[in-house]
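1. sequence unavailable; structure follows:
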């Protein structure tokens, strides 16, 4: 039997049912729905609304329903509009009419808000665990390449030499921010709306603090109107997922570029590469391309959901049913991506010789300007002089290091014989040893700092408590 309909003289149209019913996707919330219902049964028993015997029967019945879901034997019926209807219908079949007492004072509005918050809390923890795995993979790979020289790029143009570990660690710190956002979001989602009723609260003496504690929430909603309609926590979940995926997409783009034979800096493991149906030689970084592509979808889901929220009038509206498919799809997508990206990082082969061959003298132009600065020339003047040196080298078809001392002194008399020492890539990176720099010493300190951060942030739940 539907949870509503007594005031209607005709049954719901089949086309409307197809549009309205959410059981096709919200059945995934069965565990949260039953967990919340068990806690609510205890709360209304404590309030004297049902007897201890009725509470015991209801709780046992709910546990049996949960067991059916877990075993895959729960039988959905045509009248099961949503997960709440399905669970209550089966509960009543098992325990009789006392099952109808469970909903006393409770609305599907505060019930679904509670269920979904519990689900999102679990989702945040699961994402955090996989992000931590990826962080470990990045640190371990970086630790192997603190002295591996490679070109660094801005605008995808060769810029300055760096060490490969510095490149890898840049993604570690992106993920720290993602995990911090997960932790921050967890704090806000962990607010219990249960006991808010449909919109105005409930007239029964139900202990909301007891309910919150039973369900693992850290606080209570303070306004029933807001509690049943708040989906900020869903928007935050979608945002954190979209931004995390954006960081994965940036890593993917680098891997795609650097694995191209024209670069050859890295080689993907065969298990994480694909080929062509017609070109036998092809070795494609398809997993990374899929990471880029799915990121666009995740951003679109966030944008679409915000558009759903923006014009809603106060309290609950059916539009909010759109929250679950958006969240489920985004969660499933990021959970699909993260293990593959982590495996790619773990098995990634870096090719130091290829990286070294890509180091051109132009990458030391800034070092050459800094040489003049150390001689006393203002940086802006030094920048101009070295720009002229680069132009001269281009016009004479030689590298910057092949310009004669005489040619350099024609640009500035501050150039002396010791200028030759500038053209040393290892020395260049070694000079950049300030905190956060690319010097091997600084990068080793950075890795140590990353490991300390990791120890202090073992999981999202720990981090917020």
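-> Noted; the coordinates are in hand. Not measured: the values here are computed from a predicted model.
2. so what pLDDT did residue 319 get?
-> Turning to residue 319, the model gives it a pLDDT of 87.
3. list the buried ones in the longest helix that the chain contains?
-> Here the longest helix in the chain is taken by residue count, with DSSP state H as the criterion, and it is helix 108-143. When burial is assessed from 16 or more other CB atoms under 10 Å, helix 108-143 yields the following buried residues: 108-121, 123-124, 127-128, 130-139, 141-143. Bear in mind the C-beta positions are built from the backbone N, C-alpha and C, glycine included.
4. let me see the mean pLDDT of that helix.
-> 97.
5. give me the next element, helix or strand, following it.
-> Reading on from helix 108-143 to the C-terminus, the next helix or strand found by DSSP states H and E is strand 149-154.
6. gap between the helix or strand that comes right after that next one and the chain center?
-> Where DSSP H and E defines the elements, the next helix or strand beyond strand 149-154 is strand 157-163. The gap between where strand 157-163 is centred and where its chain is centred comes out at 28 Å by CA atoms, centre = their mean, to the nearest Å.
7. can you give me the buried ones in strand 157-163?
-> Those buried within strand 157-163 under the rule 16+ other CB under 10 Å are 158, 160-163.
8. just to revisit the earlier point, what's the angle between the longest helix of the chain and strand 157-163?
-> Following axes from the mean of the first three to the mean of the last three CA atoms, to 10 degrees, one obtains 70 degrees for the angle between helix 108-143 and strand 157-163.
9. and the helices in the stretch 201-350 of the chain, which stretches?
-> For the stretch 201-350 of the chain, the helices defined by DSSP state H, counting those that start in this stretch occupy 208-215, 224-229, 232-259, 286-309, 322-347.
10. would you format these as a markdown table with mean neighbour count, distance to residue 353 and mean pLDDT included?
-> Output for these, formatted as a markdown table (neighbours: other CB atoms under 10 Å; distance: least, CB to CB, whole Å; pLDDT from 0 to 100):
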| stretch | mean neighbour count | distance to residue 353 | mean pLDDT |
| --- | --- | --- | --- |
| helix 208-215 | 18 | 57 | 97 |
| helix 224-229 | 21 | 60 | 96 |
| helix 232-259 | 22 | 14 | 98 |
| helix 286-309 | 17 | 23 | 96 |
| helix 322-347 | 19 | 19 | 96 |
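11. any stretches of the chain with poor pLDDT?
-> When the per-residue scores of the chain are filtered using pLDDT under 70, the ranges that remain are 1-10, 12-21, 461-465.
12. as a quick check, tell me the outermost residue of it.
-> Relative to the C-alpha centroid of the chain, counting by CA atoms, centre = their mean, residue 406 is the outermost residue, at 55.8 Å.
13. what's the helix or strand for that residue?
-> helix 405-409.
14. contacts for that helix, please.
-> Contact partners of helix 405-409, identified using CB atoms under 8 Å, 6 or more residues apart in numbering, comprise 389, 392, 415-417, 419.
15. buried only: go through these for me.
-> So, by 16+ other CB under 10 Å, the buried ones in the contacts of helix 405-409 are 389, 392, 415, 419.
16. after the helix or strand harbouring residue 62, next one along is what?
-> Secondary-structure element containing residue 62, defined by DSSP H and E: helix 52-71. Scanning forward in sequence from helix 52-71 by DSSP H and E, the next helix or strand is helix 83-95.
17. okay, the buried ones among the contacts of helix 405-409 in CSV with distance to residue 460 and secondary structure next?
-> Formatted as CSV, the buried ones among the contacts of helix 405-409 follow (distance: CB to CB, whole Å; DSSP: H, G, I helix; E, B strand; the rest coil):
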residue, distance to residue 460, secondary structure
389, 52, helix
392, 56, helix
415, 55, coil
419, 53, helix
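18. relative to residue 44, which of the residues you listed is nearest.
-> For residue 44, the closest of these turns out to be residue 389, at 82.4 Å, with distances computed as CB to CB.
19. mind checking how far the closest one is from residue 409?
-> Residue 389 sits 11 Å away from residue 409, going by CB to CB, to the nearest Å.
20. picking that back up, closest to residue 447 out of the helices of the stretch 201-350 of the chain?
-> Between residue 447 and those, the shortest gap by CB to CB is with helix 322-347, which sits at 14.7 Å.
21. returning to that earlier point: between the buried ones among the contacts of helix 405-409, which is nearest residue 47?
-> Nearest to residue 47 among the buried ones among the contacts of helix 405-409, with distances taken as CB to CB, is residue 389, at 83.6 Å.
22. was I right to think that closest one contacts residue 399?
-> No. Under the criterion of CB atoms under 8 Å, residue 389 makes no contact with residue 399, lying 11.0 Å away.
23. list the helices and strands the helix or strand harbouring residue 353 packs on?
-> Secondary structure here is read from DSSP H and E; on that basis residue 353 sits in helix 352-357. Contacts defined by 3 or more CB pairs under 8 Å, 6 or more residues apart in numbering; DSSP states H and E place helix 352-357 against strand 149-154.
24. 10 Å instead, please
-> Using 3 or more CB pairs under 10 Å, 6 or more residues apart in numbering; DSSP states H and E as the contact criterion, the elements in contact with helix 352-357 are strand 149-154, strand 157-163, helix 164-189, strand 266-267.
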